[in-house]
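> coords please:
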Amino acid sequence: MDQVSTGPGSSHFGEVVQEAVEVRAERLLKTELKRMGWPEAELKERRKGDAKKVRLAQELRLKTTMPLTWIAARLCMGTRGYLAWLLQQAKNSSRAKLKRFL
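Numbers count the residues shown, from 1 in each chain. I've put the predicted structure just below:
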């Protein structure tokens, strides 16, 4: 599964596709953690609303199709609803910064 880089073909079905997407999400997460210099355990030690964890969640949302429930659990960010609220706050904050810039 680690070598899957192409999209699913006509013979691929739900479970196989979902496994490939999850492998891709895990690979992205490990790459980002390494780039940030965080060990895996750092996800549990940091606050649920930590700005870097929110950015990680944004990256996973942009580059994968993993559900919010999975992302919240994987990044130790509480519930799906709390993560959705954090992402909305980050989006609103970046829009406000952009408006001030323009």
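
> may I have the phi/psi pair for Gly78?
Reported as degrees, to the nearest 10, the phi and psi values for Gly78 are phi 90, psi -140.

> neighbours around it, how many?
For Gly78, the tally of surrounding residues (other CB atoms under 10 Å) stands at 15. The C-beta positions use only the backbone N, C-alpha and C, and glycine is treated the same way.

> you'd agree it is up against Ala72?
Yes. Taking contact to mean CB atoms under 8 Å, the distance of 6.1 Å between Gly78 and Ala72 places them in contact.

> sketch out the low-pLDDT regions of the chain for me.
Applying pLDDT under 70 to the chain picks out residues 1-13, 98-102.

> leaving out the residues flanking it, which one is nearest to the residue nearest the centre of it?
With the centre of the chain defined as its mean C-alpha position, the nearest residue by CA atoms, centre = their mean is Leu60, 2.6 Å away. Distances taken as CB to CB, 6 or more residues apart in numbering place Ile71 nearest to Leu60, at 5.1 Å, with adjacent residues excluded.

> now do the buried residues in the helix or strand containing that neighbour.
Mapping Ile71 onto the secondary structure by DSSP states H and E places it in helix 68-74. By neighbour count, with 16 or more other CB atoms under 10 Å as the criterion, the buried positions of helix 68-74 are Leu68, Ile71, Ala72, Arg74.

> likewise for stretch 21-30?
Applying a neighbour-count criterion of 16+ other CB under 10 Å, one finds Val21, Glu22, Arg24, Ala25, Glu26, Leu28, Leu29 buried in stretch 21-30.
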